[in-house]
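K.L.:
Make a model of this:
(chains A, B, C, D and E)
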Amino acid sequence: MSRYIVNNPKKVGSAPGTLVHIGSRFKENSEITFIKYDKETEETFHTNDIDKCFSYIDNKKINWLNIEGLQDVSIIERIGKEFNLHPLLLEDILNTGQRAKIDDYDDCIFIVLKVLTYNKNLKKIKSEQVSFVFVNNCIISFQERDIGVFDNVKNRIKVSNGNIRKLGADYLLYGLIDAVVDSYFVILENFGNKIDSVEDALINNPQKGILKSIHNLKREMLFLRNSIWPLREVVSILVRGDNSRFSENTIVYLRDVYDHIIQIIDTVEVYRDMLSGMLDTYLSSISNKTNDVMKVLTIISTIFIPITFLAGVYGMNFKYIPELEMPYGYGLFWVIVIIITLLMIRYFKKKTWI
Amino acid sequence: MSRYIVNNPKKVGSAPGTLVHIGSRFKENSEITFIKYDKETEETFHTNDIDKCFSYIDNKKINWLNIEGLQDVSIIERIGKEFNLHPLLLEDILNTGQRAKIDDYDDCIFIVLKVLTYNKNLKKIKSEQVSFVFVNNCIISFQERDIGVFDNVKNRIKVSNGNIRKLGADYLLYGLIDAVVDSYFVILENFGNKIDSVEDALINNPQKGILKSIHNLKREMLFLRNSIWPLREVVSILVRGDNSRFSENTIVYLRDVYDHIIQIIDTVEVYRDMLSGMLDTYLSSISNKTNDVMKVLTIISTIFIPITFLAGVYGMNFKYIPELEMPYGYGLFWVIVIIITLLMIRYFKKKTWI
Amino acid sequence: MSRYIVNNPKKVGSAPGTLVHIGSRFKENSEITFIKYDKETEETFHTNDIDKCFSYIDNKKINWLNIEGLQDVSIIERIGKEFNLHPLLLEDILNTGQRAKIDDYDDCIFIVLKVLTYNKNLKKIKSEQVSFVFVNNCIISFQERDIGVFDNVKNRIKVSNGNIRKLGADYLLYGLIDAVVDSYFVILENFGNKIDSVEDALINNPQKGILKSIHNLKREMLFLRNSIWPLREVVSILVRGDNSRFSENTIVYLRDVYDHIIQIIDTVEVYRDMLSGMLDTYLSSISNKTNDVMKVLTIISTIFIPITFLAGVYGMNFKYIPELEMPYGYGLFWVIVIIITLLMIRYFKKKTWI
Amino acid sequence: MSRYIVNNPKKVGSAPGTLVHIGSRFKENSEITFIKYDKETEETFHTNDIDKCFSYIDNKKINWLNIEGLQDVSIIERIGKEFNLHPLLLEDILNTGQRAKIDDYDDCIFIVLKVLTYNKNLKKIKSEQVSFVFVNNCIISFQERDIGVFDNVKNRIKVSNGNIRKLGADYLLYGLIDAVVDSYFVILENFGNKIDSVEDALINNPQKGILKSIHNLKREMLFLRNSIWPLREVVSILVRGDNSRFSENTIVYLRDVYDHIIQIIDTVEVYRDMLSGMLDTYLSSISNKTNDVMKVLTIISTIFIPITFLAGVYGMNFKYIPELEMPYGYGLFWVIVIIITLLMIRYFKKKTWI
Amino acid sequence: MSRYIVNNPKKVGSAPGTLVHIGSRFKENSEITFIKYDKETEETFHTNDIDKCFSYIDNKKINWLNIEGLQDVSIIERIGKEFNLHPLLLEDILNTGQRAKIDDYDDCIFIVLKVLTYNKNLKKIKSEQVSFVFVNNCIISFQERDIGVFDNVKNRIKVSNGNIRKLGADYLLYGLIDAVVDSYFVILENFGNKIDSVEDALINNPQKGILKSIHNLKREMLFLRNSIWPLREVVSILVRGDNSRFSENTIVYLRDVYDHIIQIIDTVEVYRDMLSGMLDTYLSSISNKTNDVMKVLTIISTIFIPITFLAGVYGMNFKYIPELEMPYGYGLFWVIVIIITLLMIRYFKKKTWI
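P.N.:
Numbering: from 1, shown residues only, chains lettered A, B, ... in the order given. Model prediction:
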């Protein structure tokens, strides 16, 4: 659950804008990928030296600076100085406990998103933070570590697949956001299958473990929902198109991303409703079971208790019990027992208990 | 449930605008119906050759191009080229996992709707995608397969029933949307009857199977609700009349469709409330039954347990038990048994258990 | 329940604007009442001939045309032609499955309302449709049959009670709407009394039948709520005063009607909350009862089971059981029995079971 | 519950504006208090003659006309004539079943509020209607009877405490509204204490009566909530300051009242949540109790049933039962009984039942 | 619970603006800290004499007057006079039962916030009131007592850490608000851990005490939620930037605080959902337990009741019972007993009860 324990967004009491990395340290060194392209040319190189990148930036082309690993605060600081970024923006990059958000500074746009991955061991969705700075003709993206979410975009740039090389930096940013939203679909498909299998188990063989599974799924849906709603807001702000950095053309594409997010939200809500329904089914199956157990007990008891009494009567040692002397007494006893039993069974049948 | 498993809206990582058909392949070949009409004349022909259609288009008349079957991507591509449609629009036509939506491109309007059909074998509502492009004087409609939903419109055009031949392409589009909304009413009537019969069963003979029926109906209502809400949004946008493609006159008709949708939503909400009430009734009927079973057990037990004890007492082998020696001992025993039984019965009557 | 089964608002697939009466046929012939009045004069006559009415209309006076019975489609058609009404408006008059709504056509206002009546046999609220067309200086009202809801208005016109003769056609329309809203108060009072009596029964003697009563009342409240909300919307649109047909003065009166509707909504919500509370009370009373039954069973069983065992022990046929030989063995047995019983009773008292 | 039974806001079918007093008749005669003041002077007199008051009104001073008792319709009528008030306004004063509301007439403001009092015998909150007309420099207040809610305001005017004598009629109206809102705080404190004591009882000794107490409190909260929400609306409209009758200065004070109302609403919502929690606690305490009863039954039964069987076995009369002949047979029997008992106890301990 | 009992915001009936301290008296004397600083210089001194402070105020520098302890009403009065503050503002400072709020007076801004502290003995969150007046270049803060929440801000001013010395009084006010919001994160972390441990207990060993813990946590979350929502509103008003007292630059920082508040709200909602889920789990665990107890009872009873009957039969004293005479009668009896037992066990296994 620790993932829900909110992280204090900065060291308590430190001055705002103090740069401290808050989050897991996935890797030792930050890796920097620098991609520069226009319609005709494309250059990629990997480095650890951020200053080298700055000298390569060419504002006539589209520049993409991808930083993997946030523990090296000095890189963030130097980027902040080079592009004249607000100290709070830098603080937000480093604090990985942010919600998805968009901040519109005068000279740049800052976007924080969450990429989701599914941890099979813990059976939990984990979210990692990705943030983007869009300044001049430059997109700077920050990831906690490389989880391959941008590989397709890199490829498309390399082979000039689709429009990506023909359109501007805003389209690149769209492409990256789209890649992040894609990661939600993968998680959702996964969960759809899981809900399916829990439902099958619920119908065929409701075990106690199912309750835990349902609650787990509900909690993951809660997590997903809390991740996707702020994302919706971010993209909705972009789609509204108040921002001159995004061309009309790119906004059409962002609207497409927005539709996808709405679809994800719809599905999450349906899943939540289905899980609630499954919980109800489970609880009423317990009630039904208790009822069944009760019926068995009642049937057995109500048949045997009266005839046991009868047997007890004829086990009594009274001096004079006329029935005991009758020659067919014992036979008669069994006849009475059978009659009582049959009457009881008829009564239970009438009550539809058997 | 697979219908709730969200389809990734495109092959993950493919460039946006890549045309791939996502959905069931209902038929092998796409069929094209082309209808061209004005007040006086009407022409219909069926073909497989989309290019032939293009040459027939007459912008002074109203042209309706109906494509059945989406698996032939090349047709979509050629339509896209001919009418200069946005690649995302084409992608949306092919991806049948869309929500109902309306996209207002500069030179055309694109509408996605869902037609509902009821699959009797699976006891599930299925939805199929219908999309419309309204460009110039031309309506292009795309269906996954022919389910007859537009037959009436075709007829009305043929026999010039109502206003359809007198009014423009926007009225034709209204007619098609109206036909889609009609499909929801058919489904709703169907469900109203089902809820009725489940309710009767619930009152007369609540079996365990009912719980499943109620949950099934609840889920279908959930599905219906998730289908109808986006539809409401689409028509509400049209009714607002920001779009110059729709004449004042047609908007009056669209407002009528909007009223129908609100009526459907109202009914779905009522059904959902009724199903919740039925669930409550079912659960409290189980509680009541358990209570009844308990009562029977308790009545039988509390009557026989004390008298069985008494029989046991007089079955003891103590040397000296004075009652055993009494001549009327056995008779007295029965008298006591009857008194105890009567007292117990009186007690239960007071408690209104019997 | 059939009242919730949505009626397809037109024969599926028929052209919009086709005139077909949808609803119950309460009477064979439509009856027309024509009332024409101004400050000084008032004329009323009844007829079956709609054309005769048209010739009597005097646009300097206020004309009220009241049609009772909708099955004669030709009357509606001729009114449509005379006043140049939109075909959809006529369709809506005839289709009695509408929600309350207001449509603002260029040259007339069209209002659909629902009058509620309580059917004592079915224990259900029934709603009948009333629609109004306000065109020129003429109010045309359409009822499914005469249920007396407008009698007071007719009277006030006749005896010139209040302002009705002094003010315009808009005030007449207000008077008719007010009369419809009054019908809701009658229903509500009725239901308030019913909820009261069910509550009394719940506290004094909770029978199984109560659950059904509560659910019935809940359903009727649901129906009422679904009827009143669209009504609120209609009057709220009128109050907003965008429409030049309503004078400032009449809007003050409509605001009064609006307040009444809000009061009805408030009451319905309170009733719904109260019914939910009653359901909770009922369910916990069942739980309590089961608990009581269990306690009786447990008390009897736990007292008698040990002493029955003891009796069984001394009924054994072992060769050597020393207690059996003791002279006071039997007396001692009873002493032990009484001690066990007293200890048990003390235990139950401590547990507050008895 | 009758307090929830909605009163028809006028005699059904009577013309709007007909003056009839609807409500309880608390007193026989209406009493009129007339207070006229400015910075320097203050005059108060009591009368039954409304006309006398009119002659005393001095529009250079602030005039407060307080009417106690509404059954004398003629007084209301004469006030209406004197100040030229709208007939609907007069109707609303007399109909004590109104919600709190504000009506902004051209030449006056009309405010209806509800004062709450707690009836200890019925254990119910009762609400009485207070209405205000603010016309020229005159505040006319109408109460059903004197419940002392305005005594403080009267005092402050008399002794010129605070700003009241220095500021205008709008400030007087603020003072009266403030006094009404104060009556809600008194009720709330009362309820806070009650919820506290029910909660204590719930934890220490949950009796059946508690369920009724909780439901009673829930219902009173429902009533309070329904009373306070319209009040919020009224004051929010005043605070918005669209009305030129209220000075900037007074609006600051009204904002303070608004804050108090929000605080009341917050508290009511918290109380509702707490009561729901208490209901849950109560219900699960019943379940727990049933579980406890079951455990006792099961422990006693499962220990004694097997050994009772054993005793039965050795009570059988078979010719040849070898154990019966054993010299230590009886002793052995008891050893077995004790072993079975100990095993059972160990099992229950493992299950944490004892 | 007394913390929810609403405090009457003023002595009932007293004139608005009357200064009375309402709340706990934490300390005997008020302590005043005065800090005056600009980019270069910084002066701090502590005093009890408020008038001395006034003479030191230098409107070219930034002045921060921190009052700890509210029971000395005269200090508040003198501050009110010196800065010409509205009497309602002074009343609000003294009444510690306020919600967080912001009031925008013409010449000053007044902000009320709640600082949260966790009382370990009562296991309850307590809130203390902090209010700020921002007038000219002066921030006056009022605390009920010193709980160290502003220590960091004081330090940063002293050592000139971050921007605080470089920016204006609005940035100081931001810093103080930020410090208050930080106190919520501390509480939340605390609660996250508690929910974690209750959840562990729930899975591993659900005791009755857990229900109380869950309800306690729910109530604290309710309290937190009711504290944080008004705070959100306050900061949202500041962020909207209608107020010229806050520079563009400071608003960027306030937006950061706003993001933190949204994060807190999100977390509180997640915690509430989790606690509801835990309640469900607990209740179904009780049901499960009852079911388990029932099963044990039923298994033991249904096995032994029939064979006890059999033993009773052969304990009867009928003259002629043929089985008793059979040489292997007793052995046969045991064979039958074992067969019955095995059949029963098989039946229970089939039912998956054992």
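
K.L.:
and the helix or strand hosting A:A311, what does it pack onto?
P.N.:
Counting by DSSP states H and E, the element that carries A:A311 is helix A:248-313. Judged by 3 or more CB pairs under 8 Å, 6 or more residues apart in numbering or on different chains; DSSP states H and E, helix A:248-313 is in contact with helix A:169-204, helix A:209-240, helix A:329-350, helix B:87-94, helix B:208-240, helix B:248-313, helix E:248-313. The C-beta positions use only the backbone N, C-alpha and C, and glycine is treated the same way.

K.L.:
For the following helix or strand past the last one, which outside residues touch it?
P.N.:
Sequence-wise, the next helix or strand downstream of helix E:248-313 (DSSP H and E) is helix E:322-325. Contacts of helix E:322-325 from elsewhere in the structure, counted by CB atoms under 8 Å, 6 or more residues apart in numbering or on different chains, are A:Y330, D:M316, D:N317, D:F318, D:K319, E:Y314, E:G329, E:L332.

K.L.:
Would you format the helices and strands packed on helix A:248-313 as JSON lines with mean neighbour count included?
P.N.:
Output for these, formatted as JSON lines (neighbours: other CB atoms under 10 Å in any protein chain shown):
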{"stretch": "helix A:169-204", "mean neighbour count": "19"}
{"stretch": "helix A:209-240", "mean neighbour count": "19"}
{"stretch": "helix A:329-350", "mean neighbour count": "14"}
{"stretch": "helix B:87-94", "mean neighbour count": "22"}
{"stretch": "helix B:208-240", "mean neighbour count": "19"}
{"stretch": "helix B:248-313", "mean neighbour count": "20"}
{"stretch": "helix E:248-313", "mean neighbour count": "20"}
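
K.L.:
would CSV of those helices with mean pLDDT be doable?
P.N.:
CSV is the format used below for these (pLDDT from 0 to 100):
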stretch, mean pLDDT
helix A:169-204, 89
helix A:209-240, 88
helix A:329-350, 93
helix B:87-94, 90
helix B:208-240, 87
helix B:248-313, 89
helix E:248-313, 89
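
K.L.:
so A:F333 makes contact with A:L310?
P.N.:
Yes - contact criterion CB atoms under 8 Å: A:F333 and A:L310 qualify, at 7.0 Å.

K.L.:
picking that back up, report the angle between the helix holding A:A311 and helix C:248-313.
P.N.:
Interaxial angle, helix A:248-313 versus helix C:248-313 (axes from the mean of the first three to the mean of the last three CA atoms, to 10 degrees): 30 degrees.

K.L.:
just the angle between helix A:248-313 and helix B:329-350, please?
P.N.:
Using the same axes, to 10 degrees: helix A:248-313 against helix B:329-350 is 160 degrees.

K.L.:
Excluding covalently adjacent residues, which one is nearest to the closest residue to chain B within the stretch 251-354 of chain A?
P.N.:
Among the residues of the stretch 251-354 of chain A, A:G312 lies closest to chain B, at 3.3 Å counting by CB to the nearest CB. Of all residues not flanking A:G312 in the chain, B:A311 sits nearest, at 3.3 Å (CB to CB, 6 or more residues apart in numbering or on different chains).

K.L.:
Tell me which residues touch the one you found, please.
P.N.:
Applying CB under 8 Å, 6+ apart, we find B:A311 in contact with A:F309, A:G312, A:V313, A:G315, A:M316, B:F333.

K.L.:
what about the first one, distance to A:G315?
P.N.:
Between A:F309 and A:G315 the distance, using CB to CB, to the nearest Å, works out to 11 Å.

K.L.:
Kindly report the same for A:I35.
P.N.:
97 Å.

K.L.:
For those two, indicate the residue with more neighbours.
P.N.:
The neighbour comparison of A:I35 against A:G315 (other CB atoms under 10 Å in any protein chain shown) goes to A:G315, with 27 against 20.

K.L.:
quick one: that one and B:G315 touch, right?
P.N.:
Yes - taking CB under 8 Å as the definition, A:G315 is a contact partner of B:G315 at 4.2 Å.

K.L.:
Find residues that contact each of those two.
P.N.:
Residues touching both A:G315 and B:G315 (CB under 8 Å, 6+ apart): C:G315, D:G315, E:G315.

K.L.:
Got phi/psi on the second one?
P.N.:
By that I understand D:G315. Here is the backbone geometry of D:G315 (degrees, to the nearest 10): phi -100, psi 0.

K.L.:
Hmm, it is touching A:G312, no?
P.N.:
No - judged on CB under 8 Å, D:G315 makes no contact with A:G312 at a distance of 9.8 Å.

K.L.:
any common contacting residues for those two?
P.N.:
Contacts common to D:G315 and A:G312, judged by CB under 8 Å, 6+ apart, are B:G315.

K.L.:
does chain E sit close to stretch A:94-102?
P.N.:
Yes - residues of stretch A:94-102 contacting chain E under CB under 8 Å from any CB of the partner chain: A:G97, A:Q98, A:R99, A:K101.

K.L.:
Show me which residues of chain A sit near chain C.
P.N.:
Close to chain C, as judged by CB under 8 Å from any CB, chain A has residues A:G315.

K.L.:
Taking chain A, what residue is nearest to chain C?
P.N.:
A:G315 (6.8 Å).

K.L.:
where's that residue relative to chain D, distance?
P.N.:
According to CB to the nearest CB, to the nearest Å, A:G315 stands 7 Å off from chain D.

K.L.:
residue contacts, that residue?
P.N.:
Listed by CB under 8 Å, 6+ apart, the contact partners of A:G315 are B:A311, B:G315, C:G315, D:G315, E:G312, E:G315, E:M316, E:N317.

K.L.:
same check, this time on A:Y330
P.N.:
By CB under 8 Å, 6+ apart, the residues touching A:Y330 are E:M316, E:F318, E:Y320, E:I321, E:P322.

K.L.:
So which of these wins on neighbours?
P.N.:
Counting neighbours by other CB under 10 Å, the top entry in the contacts of A:Y330 is E:M316, with 24 neighbours.

K.L.:
where does that one land on pLDDT?
P.N.:
On the pLDDT scale, E:M316 is placed at 92.

K.L.:
Need phi/psi at it.
P.N.:
phi -70, psi 150.

K.L.:
what's the distance between it and B:V335?
P.N.:
As judged by CB to CB, E:M316 and B:V335 stand 21 Å apart.

K.L.:
all strands for the stretch 51-200 of chain A, in order.
P.N.:
Along the stretch 51-200 of chain A, the segments classed as strands by DSSP state E, counting those that start in this stretch run A:62-68, A:101-104, A:108-119, A:124-135, A:138-143.

K.L.:
In JSON lines, list those strands along with mean pLDDT.
P.N.:
Output for the strands of the stretch 51-200 of chain A, formatted as JSON lines (pLDDT from 0 to 100):
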{"stretch": "strand A:62-68", "mean pLDDT": "93"}
{"stretch": "strand A:101-104", "mean pLDDT": "90"}
{"stretch": "strand A:108-119", "mean pLDDT": "90"}
{"stretch": "strand A:124-135", "mean pLDDT": "90"}
{"stretch": "strand A:138-143", "mean pLDDT": "94"}
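
K.L.:
I'd like those written out as CSV, with distance to C:R225 and mean neighbour count added.
P.N.:
Shown next, in CSV, are the strands of the stretch 51-200 of chain A (distance: least, CB to CB, whole Å; neighbours: other CB atoms under 10 Å in any protein chain shown):
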stretch, distance to C:R225, mean neighbour count
strand A:62-68, 56, 23
strand A:101-104, 39, 17
strand A:108-119, 40, 20
strand A:124-135, 39, 21
strand A:138-143, 51, 22
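
K.L.:
contacting residues for A:F348?
P.N.:
Contacts for A:F348 (CB under 8 Å, 6+ apart) come out as A:I299, A:I354.

K.L.:
Good, we can wrap up now.
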